[in-house]
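Engineer: give me a 3D structure for the following:
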Amino acid sequence: MIHKLTIPTPFAVGDVNAYVVKGDALSLVDAGPKTPEAYEALKRGLKELGYSFKDIEQVFLTHHHPDHAGWMDAFDRAEILGHPYTDIWLKRDPAFMAFHDQFYLDRLKEEGVPETYFHWVEKMKRPIKLMGERTLDREVGEGEEWSGHPGWSIMETLGHAQSHLVLFNEKTGEMIGGDLVLEKVSSNPLVEPPYNQQDDRPKSLLQYNDSLKRLLDLPVSLIYSGHGNEVKDVHPLIERRLTQQHERAMKVHGMLADRPKSIFQLTQELFPTVYEKELGLTLSETIGQTDYLLAEGFIRQTRNEEGILHYEQA
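Structural biologist: The predicted structure follows:
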């Protein structure tokens, strides 16, 4: 049985969903942000099901974002499972955090972002205070069986996060999907540092599209999502999302008809009223579209002597 718990967050996305799953083990998938309001919602939701924090034997984290990876601290008898990338964040690994800051500073420079916006580097990790203090007990990944839940397997579905995992039961067609597919909106493929520091910047939107396309080849009939209602009619929704994404990219292509532009210039055109308030999200969106257009051969990329990348129609 799968039971949804709705948990408030302080983020613009609104409430986040956690799921209590009874199998051979009693498990919780995701744990809300580490706020007092989220704690009370978890406590109340578990009590309504006849459980308490001490009854949960396992907490599975779909990804490391703070609205999902907060209150596993409350489940002191539970084993914590997640992607290796999630553990880097939970550990607040100093070497990774230094790499994180340099990664974003380098991105802002090559995107043509003025120096007055460089304070966004620190903002990119500000929500870390709403993540849990525990670290993973076990790292899990692609193709593994979900322990304690026969018939359920783990899929790595990168894009929205470099740590993103989903759980799939091929027999029933059910998926516990984190932020992979949401009913009302398309998830943001966020630009994040790579797991291996020697690797190039992950192309988050291309990863996300590949993760969506994987689902088209699977008998997924119902997705328990990280936000909002359960998703039905999964395949038609994914097809629409992929079409809409192509249309957004072609809008960016049209913006390059007159002259080459930087990511920052494109972001200002795409999001004139919100880019200053949500610079991280809007830059990620723009980068995703240029990655897509480059992969499809619609545009070219050049780097000027200041190291700023510019894009023009091919």
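Engineer: next SSE after the one helix or strand V121 maps to?
Structural biologist: For V121, the element it lies in under DSSP states H and E is helix 120-123. Reading on from helix 120-123 to the C-terminus, the next helix or strand found by DSSP H and E is strand 138-139.
Engineer: other SSEs contacting the helix or strand just after that following strand?
Structural biologist: Downstream of strand 138-139, the first helix or strand assigned by DSSP H and E is strand 152-156. Packing partners of strand 152-156 (3 or more Cβ pairs under 8 Å, 6 or more residues apart in numbering; DSSP states H and E): strand 165-169. (Each C-beta comes from the backbone N, C-alpha and C, glycine too.)
Engineer: contacts for the strand it packs on, please.
Structural biologist: With contact meaning Cβ atoms under 8 Å, 6 or more residues apart in numbering, strand 165-169 is reached by 29, 60-63, 82-83, 140-141, 146, 149, 151-157, 174-178, 180, 218, 220.
Engineer: pull out the buried members of those residues.
Structural biologist: For those, a neighbour count by 16 or more other Cβ atoms under 10 Å gives the buried set as 29, 60-63, 82-83, 140, 146, 149, 152, 154-157, 174-178, 180, 220.
Engineer: right, and T86 touches R134 too?
Structural biologist: No. The pair T86 and R134 does not pass the contact test of Cβ atoms under 8 Å, sitting 11.1 Å apart.
Engineer: who has more neighbours, these two?
Structural biologist: Residue environment comparison for T86 versus R134 gives the larger neighbour count to T86, 28 against 19, counting by other Cβ atoms under 10 Å.
Engineer: using the three-state scheme, assign that one.
Structural biologist: Three states are possible here, and by DSSP: H, G, I helix; E, B strand; the rest coil the one that applies to T86 is helix.
Engineer: ok, and the closest non-adjacent residue to it?
Structural biologist: Closest residue to T86 apart from its sequence neighbours, by Cβ to Cβ, 6 or more residues apart in numbering: H64 at 4.0 Å.
Engineer: what's the pLDDT at the one you found?
Structural biologist: What the model reports for H64 is a pLDDT of 96.
Engineer: how many residues are close by it?
Structural biologist: If we define neighbours as other Cβ under 10 Å, then H64 has 22 of them.
Engineer: that one and K91 touch, don't they?
Structural biologist: No. Counting by Cβ under 8 Å, H64 sits too far from K91 to count as a contact (10.8 Å).
Engineer: tell me the strands in the stretch 1-150 of the chain, going along the chain?
Structural biologist: With DSSP state E, counting those that start in this stretch as the criterion, the stretch 1-150 of the chain has strands at 2-7, 16-22, 26-29, 58-60, 79-82, 138-139.
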